[in-house]
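[1] Sequence below, structure please.
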Amino acid sequence: MWKDVTIDAPGVVALECAGSLSERDLDEMHAWIDRQVARHDRPALVILMDAFEGYEDPSALWADMRIDARHAGDFGRVALVADETWIEWATKAGDPLTRAELRCFPPDERDEAIAWAAAEVGDASASG
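    Numbers count the residues shown, from 1 in each chain. Down below sits the predicted model:
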């Protein structure tokens, strides 16, 4: 499952992934991302993944890859907060596929992740 998370930083949007994600979860997340991108000028994205366990099946992974490809240039920075090594590796592997700066932070550096993401926000007047 996933949910949007309110971050007190202008132009930064955030979501949290926990457990396993289904294709339906990813479709809903994609619609949320579309709305956020429409509301902000090149926002930053923080993804909290310390409770993320993986994808429910290959169709969910494919849905996630479609989101990544579609929004490759929509975010200035993307901060992933996770303690799993494979997520950090996936971040490095995905870095050449996006124009956003990607960085992975351990869960105890959540505030640093938000500050890093917020430092390059395109429209600091928008929030939420």
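[2] Neighbouring strands - and their directions - for the helix or strand containing V13?
    Element membership of V13 [criterion: DSSP states H and E] is strand 12-21. Its sheet considered, strand 12-21 pairs with strand 2-5 (antiparallel), strand 44-55 (parallel) by DSSP bridges.
[3] which residues sit in contact with the residue nearest the centre of the chain?
    The central residue of the chain, meaning the one whose C-alpha is nearest the mean C-alpha position (Cα atoms, centre = their mean), is I47 at 3.9 Å. Taking Cβ atoms under 8 Å, 6 or more residues apart in numbering, we find I47 in contact with A14, L15, E16, C17, V78, A79, L80, V81. (C-beta placed from N, C-alpha, C; glycine too.)
[4] tell me which of these is nearest to D8?
    For D8, the closest of the contacts of I47 turns out to be A14, at 10.2 Å, with distances computed as Cβ to Cβ.
[5] what's the burial count for the residue nearest to F52 when sequence neighbours are not counted?
    Counting by Cβ to Cβ, 6 or more residues apart in numbering, F52 lies nearest to C17, which is 4.3 Å off, once chain neighbours are set aside. Neighbour count of C17, defined by other Cβ atoms under 10 Å: 24.
[6] try the one 10 residues further on
    Burial of D27 is recorded as 14 neighbouring residues (other Cβ under 10 Å).
[7] On the three-state scheme, it is what?
    Put simply, D27 is helix when judged by DSSP: H, G, I helix; E, B strand; the rest coil.
[8] For the residue nearest to it when sequence neighbours are not counted, what are phi and psi?
    Sequence neighbours aside, A63 is the residue nearest to D27 in space, at 6.3 Å (criterion: Cβ to Cβ, 6+ apart). Note on A63: backbone dihedrals following degrees, to the nearest 10 are phi -60, psi -40.
[9] ok, now how distant is A63 from H30?
    Distance, A63 to H30, by Cβ to Cβ, to the nearest Å: 7 Å.
[10] These two: which is more packed in?
    Per other Cβ under 10 Å, whichever of A63 and H30 has more neighbours is A63, with 20 against 16.
[11] need the contact list for that one.
    A63 sits next to E23, L26, D27, H30 when contact means Cβ under 8 Å, 6+ apart.
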